[in-house]
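>>> got a sequence here, can you build the structure:
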Amino acid sequence: MRFVDYLKDKIVLIFLYILVLILIFLILLVFDVYYTGILMIIFLLIFLGLFIFLYRFLSKKVFYNKIYSILNNIDNKALIHEMAGCANFLEGKILLDILRWTDKYKIEEINKYKYMQKEFEEFMELWVHEVKSPLAAINLITDNNKNKVTNSIKEECIKIDDLALKILFYARSQAPEKDYLVKNVLLSDIVNKVIIRNKNSFLEKKVRVDIKNLDVFVFTDSKWMEFIINQIILNSIKYINDKALIEIYSLKEKENVCLVIRDNGIGISSKDLPRVFEKGFTGKNGRNKYNSTGMGLYLVKKLSDSLGNKVLIDSVEGNYTEVRIIFPLSSFTSEVIGR
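Residues are numbered from 1 along each chain as shown. Model prediction:
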């Protein structure tokens, strides 16, 4: 708060105060008061006015500077009224009351929307579980009546199931700490479940899968990691080339275990590569040929971050795509297991 700004704000009051001093001076002259007495009275009034003016300026300056300082140094701006203390002037007290009431209203509104979001998430989870029943029935029918048509139906059912899982995990990703359970699991167990899940797609598109060095334990949530790996595998299958090959292996380092998933597909352009984890980003290949939603890799990154895993991607267009999931073995795992 600058003195010049305060002075400009009070210029009308200063002008009125000067007029009052002139009026008092004239009244005292009319009543034949000695000049010495008049000057003493005017001097005292000027001194009193300056004292009040400066006192009010300094008290407000200290208060508002404190407000700005707190505002610049705390992450949660909503707590500003709790840290501001008390004000010794009316405007400051009114300001703090307004901040308290607006904060209370904001908390009530947030709780209302949290409740609505929770209801929506519960409905989506229920819907996903319900839709799995008819999908399972369709799969059973197609398995018992195998032909070209039923095989196509089965493939579409797999796509619907994947989309339903995306909805489910997207809903859960809004509050991941309530859903995941990190424990020591064998990496090969998770990968094998994904391979079995996609076996029909591998056979149909004649994809060769090379798996090695996966007999290693990592700390993760098996259900979430299965979904993450499945999304990467689905991308590899979708953007595969002739003589398709997907390599899945692990590299054990001092501080982490790295799961590598590499394919020899059409790759990703260097222009699109930095944005593949963005929500809704599809890239040139996804837009032109494959009707991609842009949610798969976004969820891979979001869920991996929640689990404490780092995800890296490298690709050369027309050559390969390689995704690396890094499982830390030191500080993060100790913290999770001890929670």
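
>>> excluding covalently adjacent residues, which one is nearest to Asn241?
Distances taken as Cβ to Cβ, 6 or more residues apart in numbering put Gly265 closest to Asn241, at 5.3 Å, once the chain neighbours are dropped. Bear in mind the C-beta positions are built from the backbone N, C-alpha and C, glycine included.

>>> next, the one you found: secondary structure please.
coil (DSSP: H, G, I helix; E, B strand; the rest coil).

>>> and it, how many neighbours?
A count of nearby residues for Gly265, using other Cβ atoms under 10 Å, gives 23.

>>> is it correct that it is in contact with Ile240?
Yes: the pair Gly265 / Ile240 is scored as a contact, 4.7 Å apart, by Cβ atoms under 8 Å.

>>> ok, the residue nearest to Asn241 - contacts?
Gly265 makes contact with Ser236, Tyr239, Ile240, Asn241, Ala244, Tyr320, Thr321 under the criterion Cβ atoms under 8 Å, 6 or more residues apart in numbering.

>>> which of those residues scores worst on pLDDT?
Within the set of these, pLDDT is lowest for Asn241 (78).

>>> which strands or helices does whichever helix in the chain runs longest pack on?
If you go by DSSP state H, the chain has its longest helix at helix 90-144. For helix 90-144, the packing partners by 3 or more Cβ pairs under 8 Å, 6 or more residues apart in numbering; DSSP states H and E come out as helix 35-73, helix 80-83, helix 148-172.

>>> repeat that for 7 Å
Here helix 90-144 touches helix 80-83, helix 148-172, going by 3 or more Cβ pairs under 7 Å, 6 or more residues apart in numbering; DSSP states H and E.

>>> what sits against the residue nearest to Ile80 when sequence neighbours are not counted?
Excluding the flanking residues, the one nearest Ile80 by Cβ to Cβ, 6+ apart is Ile70, at 5.4 Å. By Cβ atoms under 7 Å, 6 or more residues apart in numbering, Ile70 lies in contact with Ile80, Met83, Ala84.

>>> just name the closest of these to Ile196, please.
Ile80 (54.9 Å; Cβ to Cβ).

>>> kindly state the pLDDT recorded for the closest one?
Residue-level pLDDT assigned to Ile80 equals 75.

>>> bridged to the closest residue to Leu307 other than its chain neighbours, which residues?
Excluding the flanking residues, the one nearest Leu307 by Cβ to Cβ, 6+ apart is Thr220, at 5.7 Å. Beta-bridge pairing for Thr220 (DSSP bridges): Lys183.

>>> what about Thr220, how many residues close to it?
Residues near Thr220, counting by other Cβ under 10 Å: 28.

>>> where does Ser270 land in three-state SS?
Under three-state DSSP, Ser270 comes out as coil.

>>> now it: how far from Asn319?
To Asn319, Ser270 is 12 Å away according to Cβ to Cβ, to the nearest Å.

>>> what do you get for Ile110?
48 Å.

>>> what of Leu19?
For Leu19 relative to Asn319 (Cβ to Cβ), the value is 85 Å.

>>> dump the residue contacts of Ala87.
Phe63, Lys93, Leu96.
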